[in-house]
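J.: quick check, what structure comes out for this input:
(2 chains)
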Amino acid sequence: MSALFITLFLPLFGSLLLLFFNRRNTELIEKTTLGISLLTFIASLFLFLSFDPANPGFQFLYEATWIESMDAGFRIGIDGMSLLLIMLTTFLTPIVILSSKNAITKSRKEFYVMILLLQFGMTGVFLSLDLFLFYIFWELILIPMYFIIGIWGGKNKIYAAIKFFIYTVVGSLLMLVALVWLGHYCGTELLHNQQGFTSNYLIIRDLAASIPLEYQKWMFLAFALSFCIKVPLFPFHTWLPDAHTEAPTPGSVILAGVLLKMGTYGLIRFNLELFPQASMEYASLISWLAVTGIIYGALVAMVQTDVKRLVAYSSVSHLGFVVLGIFSMTAEGIQGAIIQMVSHGLSTGMLFLCVGMIYERRHTRDIDQFGGLAKVMPLFTVFFGIAMLASVGLPGLNGFVGEFLTLLGAFNSPFLNSHAYTIVAATGVIFAAVYLLWMFQRVMFGANENPANHNLSDVTKRETWMLVPIVVFIVWIGIYPNTFLKVSENSTRALVNKLHVIKFGTPKFTLPVYKDDQLLQDDLIKPTEPIETVR
Amino acid sequence: MFSVEANFLDQLKDSIGLFLPETVLIATFLLSLILDLIFRKSRTLTGIVTAIGFVVAGICLIGQTGETAFIFSRMLVVDPFALFFKFVILLSGLIVVLMSFFSKELYETTEGVGEYFTLITGMTIGMFLLASASNLIMIYLAIETMSISSYILAGYTKEIRRASEASLKYVIFGAVSSGIMIYGMSILFGLTGTLNLFDINTFLLSNEVNMVPLMLSGLMILAGFAYKISAVPFHFWTPDVYEGAPVTISALLSVASKAAGFAVLIRFLKSAFIDPTLSSDVAWNTISSIDWQYIIAILAVVTMTVGNLVAVWQTNVKRLLAYSSIAHAGYLLMGVVVMNEIGIAAILLYFFAYMIMNLGAFYVVMLIANKTGSEELDDYQGLGHSAPVLGVCMTIFLISLTGLPPTFGFIGKLYIFSAVLDSGLIWLAVVGVLNSVVSLYYYAKVFRNMYFRGMDPPKEPMTFSYGSMILLFLLAIPTVLFGVYFTPILAWAKSSVEIFFG
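T.: Prediction:
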């Protein structure tokens, strides 16, 4: 309970605390920020350890009334998927803070304030169980990210920042309209409550299947637009290469590592859960867009001359797998999507860190400028190679698990009546190998001809400290993904059951039944002990 | 005969009792006039007297909480709805008076600021009367009282050419629109034989009237109000006047005079043209077959779209805020379109938010102009570094004006949108939302210049007096605070509209 609160509010507290520091004392500011992010990570570890993976529902529920007239409250809680994404956030933030030492040279204090605010917003998105609260966190992220790109970014930073801002706001404001409409409809038509409005996610989720399909479709589209822009799904991806390329290294890592996952998280949490019938209607459309994105992202990545842009386009391709997995609406697919979200956060985050490291040494990211770096930077080659292979999807590393499961899910899906999705998407794996290996070869191997590359230094101690933890998890997920898969397994199954009941009338899995702790009426925490277990 | 007279005297006595806030303002007006004559040298005395007068008037207003009465032979009405707008007007007047103490342009380009404060009081009296007017003649007189003061105020810095130009433009546009309005009023009087809004309503309910002149008179009167709230196509004066007038006066015009305009617009439509006997669910049960809802909806869409699209091209921050205020009139009109309890309550809530954030934005513009002497967008480059507090506060105000959480502006927009969605006008809400996206672009231009441009070489840090910073915080902190907790203001707004719908 309190662990959840600390995980959420410690970064906010940290960012406010930093305001009182003298801006010249960057050493102290950096250490404080790092300390706060590490404490947050420890708090989230407690969360992980005390989480009961057998419970398919939400845990650590807390509810406090906030705006009575809208039935909006401070309602938070996590299930397996949110737990994993929160862990990803708290894990990546200290690494990002470490990486900003060299990448950020001006206004350090403001930068750390922004990073911590960002962490507060991201954690908030993953744990809010109230539409209103969710929306506030969702929008809260925009402002720090806008400034991170705009102040500390590269040459075209202003263009990229504005583009990022406008794209995201278009989607999210339409989502706001849908959100208000949904709350209003559920409040007046289904719930008949006093306020004529509800923003309680758990109540709306239980009512959602009874919303007429015609309305579901419109709301599905409004929500999906917002999330697909964030993911980004082809053809809404054009803000991403600019934002990634112009953002400073820490910004790119956060953007690729966590921010994009907000979109895919939203697709599961809102689109699948709240509009199940509409999801079935639109599953093939979205899946085709995902498959197109996989191929398109890979093909465009192949011709990039800028390493960072290449990695950015590889994100478009990788996130396509996630979306395909989600809309296969099978347990394998969704589980694969969740693990792929985490994997992508780790491996692409690490790729961005590596690109940042060579950029700091050479101040260019042009592939032509490099060659033969393996000779001068052997240790770096190992790290970069691991990240690259993880991204390719080499068995034994994390990328493989997610991609395999999503493809399996899409193949077996009773909702996508074609194997074509899987077949086309699978070629994306091959393309990924082509563009990543080719890039790696051109940068790291061959003759070291450019004189500017002769005296590059290998990774420093600090950089090793940043990369080693990521490598540990890359290998861990690759070899024994069950540690993480089992966390979200039952909540995924509950979702798949719901979809199966609607489509076929019978649930697919049997799950332990917990005491109904969903409709909390007061601020007390109700017990989450199992009261009976089916079979 | 005698008894009628006694009755009249009783009524007068009651009326005067309920006229206390206005009386205080009139006393302030006279007192500041006289004091300015005696203490010609003092540069702040009239301002202080005005501020104290406003506070006293505010206390008298609090005393009127919950009163509902007609006063002065049904010329004016005292009700919670008028009270809310009077509070907004008074509070923004007070903030503007306080802002004026720090204004460099006022103190350096004019010989004396005594009359300036006196005229602000005069304008406030006009707006007070407008907020509670329930008679066509009273509406006209109140609009004129407020306008004449504001014409002079717009050109108060008479040494500056563009101020005189602004004032002249304002007078000409104002004269034309009030001419149109009073023509419309005379037609309405001819049709119904009465000037009282409630009697007009009763007459229209029980008698057949010719549709064409009724429609015409309604549109003409609306034109007069649309001019005050600067709705398209009666907005042309707005950018020029806001640019030319002192910043403080632009701020006052954009908030207080708009509030008064909205108060009278809502009261006029609701009291004269809407059938009060039907349930408030179908808010627009108009008594004639004219689709006023449709007319207002078109007005709202055009106003916000034109305001936002033209604002994108502005290079002067005051002009930019002028167009933004036009766009905000459009958002507020969306609430008028709904016209039920939720809609009007949303307008009141939004107005309160708009008052704080818009005054804040103008205040930052004023403080920057004090130091740099410029209101051009290009001269805002690098201000995020040289004046960090101002930069942060301006960002907060602009984000709030855009309507992004967690600010008060978001709450206002949220309630307006939910009122619109509640009444089933989804298309209108979508148009409003897309407009917000456009507005984000030009608001972001301001803080983009402040933070992303002109950082190297860093500019000299600017310093500001403590007093001016305290006032800034008094505006910036509520903008964020009310974005998270706004229940009391919402409750107040809701209770203020009950008189219409109870």
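J.: need the residues that contact stretch A:433-440.
T.: For stretch A:433-440, the surrounding residues in contact (CB atoms under 8 Å, 6 or more residues apart in numbering or on different chains) are A:298, A:301-302, A:307, A:310, A:314, A:367, A:384-385, A:388, A:391-393. Any C-beta I mention is one placed from the backbone N, CA and C, and that applies to glycine too.
J.: what about these, which are in helices?
T.: Per DSSP state H, helices hold the following members of these: A:298, A:301-302, A:307, A:310, A:314, A:384-385, A:388, A:391-392.
J.: which of these are buried?
T.: A:298, A:301-302, A:307, A:310, A:314, A:384, A:388, A:391-392 (16 or more other CB atoms under 10 Å in any protein chain shown).
J.: which of those lies closest to residue B:131?
T.: Distance ranking of those against residue B:131, using CB to CB, places residue A:314 first at 61.0 Å.
J.: residues in contact with the nearest residue to the closest one once chain neighbours are set aside?
T.: Among residues not flanking residue A:314 along the chain, residue A:301 sits closest, at 5.0 Å (CB to CB, 6 or more residues apart in numbering or on different chains). Residue A:301 makes contacts with A:310-311, A:313-314, A:316-317, A:435, as judged by CB under 8 Å, 6+ apart.
J.: which pair in these has the greatest spatial separation?
T.: The two members of the contacts of residue A:301 with the most space between them (CB to CB) are A:316 and A:435, at 12.0 Å.
J.: quick one: buried residues of the longest helix along chain A?
T.: Identified as the longest helix of chain A according to DSSP H is helix A:331-362. Neighbour counts over helix A:331-362 (16+ other CB under 10 Å) mark A:331-359, A:361-362 as buried.
J.: again with stretch B:39-56
T.: Going by neighbour count (16+ other CB under 10 Å), the buried part of stretch B:39-56 is B:45-47, B:49-51, B:53-54, B:56.
J.: quick one: mean pLDDT over it.
T.: Averaged across stretch B:39-56, pLDDT comes to 87.
J.: what's in contact with that stretch?
T.: Contacts for stretch B:39-56 (CB under 8 Å, 6+ apart): B:24-25, B:27-28, B:31-32, B:35-36, B:90, B:93-94, B:97-98, B:100-101, B:107, B:112-114, B:116-118, B:120-121, B:124.
J.: can you rerun that using 10 Å?
T.: By CB atoms under 10 Å, 6 or more residues apart in numbering or on different chains, the list of residues contacting stretch B:39-56 from outside reads B:20-21, B:24-29, B:31-36, B:38, B:90-91, B:93-98, B:100-101, B:106-107, B:111-121, B:124.
J.: once you drop chain neighbours, what's closest to residue B:216?
T.: residue B:187 (6.4 Å).
J.: strands of the chain, start to end?
T.: Assuming you mean chain A. Using DSSP state E, the strands found in chain A span residues A:59-67, A:72-78, A:513-514, A:530-532.
J.: sorry, should have said chain B
T.: Under DSSP E, chain B gives strands at B:69-71, B:76-78.
J.: counting by contacts, list what the last one packs against.
T.: Looking back up the chat, that one is strand B:76-78. If you count contacts as 3 or more CB pairs under 10 Å, 6 or more residues apart in numbering or on different chains; DSSP states H and E, strand B:76-78 packs onto helix B:2-18, strand B:69-71, helix B:114-132, helix B:136-154.
J.: out of the ones you listed, the one nearest chain A is which?
T.: When the helices and strands packed on strand B:76-78 are compared by CB to the nearest CB, helix B:114-132 sits nearest chain A, at 25.2 Å.
J.: and the angle from that closest one to helix B:2-18?
T.: Our comparison of helix B:114-132 with helix B:2-18, counting by axes from the mean of the first three to the mean of the last three CA atoms, to 10 degrees, yields an angle of 120 degrees.
J.: what's helix B:114-132 packed up against?
T.: helix B:20-38, helix B:45-63, strand B:76-78, helix B:80-101, helix B:136-154, helix B:211-228, helix B:247-252, helix B:258-268.
J.: mind doing that once more with 6 Å?
T.: Judged by 3 or more CB pairs under 6 Å, 6 or more residues apart in numbering or on different chains; DSSP states H and E, helix B:114-132 is in contact with helix B:20-38, helix B:45-63, helix B:80-101, helix B:136-154, helix B:258-268.
J.: measure the nearest residue to residue A:426 once chain neighbours are set aside to residue A:332 for me?
T.: Excluding the flanking residues, the one nearest residue A:426 by CB to CB, 6+ apart is residue A:407, at 5.9 Å. Distance from residue A:407 to residue A:332, counting by CB to CB, to the nearest Å: 9 Å.
J.: try residue A:442
T.: Note on residue A:442: its distance to residue A:332, by CB to CB, is 36 Å.
J.: ok, now residue B:109?
T.: In terms of CB to CB, residue B:109 sits 75 Å off from residue A:332.
J.: what does residue A:157 give?
T.: From residue A:157 to residue A:332 the distance is 41 Å (CB to CB).
J.: again with residue A:412
T.: 7 Å.
J.: ok, residue 198 - contacts?
T.: All of this is about chain A. Residue A:198 makes contacts with A:71, A:183, A:186-187, A:191, as judged by CB atoms under 6 Å, 6 or more residues apart in numbering or on different chains.
J.: hmm, I had chain B in mind actually
T.: residue B:271.
J.: tell me how many other residues crowd the residue of the stretch 51-200 of chain B found nearest chain A.
T.: Residue nearest to chain A within the stretch 51-200 of chain B (CB to the nearest CB): residue B:84, separated by 17.0 Å. The tally of other residues near residue B:84 (other CB atoms under 10 Å in any protein chain shown) stands at 27.
J.: contacting residues around residue 449?
T.: Unless you meant another one, I'm taking chain A. With CB under 6 Å, 6+ apart, residue A:449 has these contacts: residue A:371.
J.: should've been chain B
T.: Contacts were defined as CB under 6 Å, 6+ apart; by that measure residue B:449 touches B:377, B:380-381.
J.: show me what residue of the stretch 101-250 of chain B gets nearest to chain A.
T.: residue B:232 (22.0 Å).
J.: wait, that residue touches residue B:306, no?
T.: Yes. Using CB atoms under 6 Å, residue B:232 makes contact with residue B:306 at a distance of 4.6 Å.
J.: pretty sure residue A:227 is touching residue A:266, no?
T.: Yes. Counting by CB under 6 Å, residue A:227 does reach residue A:266; the two are 4.0 Å apart.
J.: higher neighbour count, these two?
T.: residue A:227 (27 against 22).
J.: report the contact partners of the more buried one.
T.: Contacts of residue A:227 by CB under 6 Å, 6+ apart are A:263, A:266-267.
J.: also residue A:431?
T.: By CB under 6 Å, 6+ apart, the contact list for residue A:431 reads residue A:298.
J.: re the thing from before, count of neighbours near the residue nearest to residue B:216?
T.: As a burial measure, residue B:187 scores 17 neighbours (other CB under 10 Å).
J.: also residue B:293?
T.: Residues near residue B:293, counting by other CB under 10 Å, number 18.
J.: and it, how far from residue B:299?
T.: Residue B:293 is 11 Å from residue B:299, by CB to CB.
J.: give me the common contacts of those two.
T.: Common contact partners of residue B:293 and residue B:299 (CB under 6 Å, 6+ apart): none.
J.: what about the nearest residue to residue B:124 once chain neighbours are set aside, neighbour count?
T.: Using CB to CB, 6+ apart and skipping the chain neighbours, the partner closest in space to residue B:124 is residue B:93 (4.7 Å). As a burial measure, residue B:93 scores 26 neighbours (other CB under 10 Å).
J.: which stretch among the strands of chain A comes nearest residue B:129?
T.: Using CB to CB, the nearest of these to residue B:129 is strand A:59-67, at 35.3 Å.
J.: and residue 459, backbone torsions?
T.: You didn't say which chain, so I picked chain A. Backbone torsions of residue A:459, given as degrees, to the nearest 10, read phi -60, psi 140.
J.: that's the wrong chain, I wanted chain B
T.: Taking degrees, to the nearest 10 as the convention, residue B:459 sits at phi -80, psi 170.
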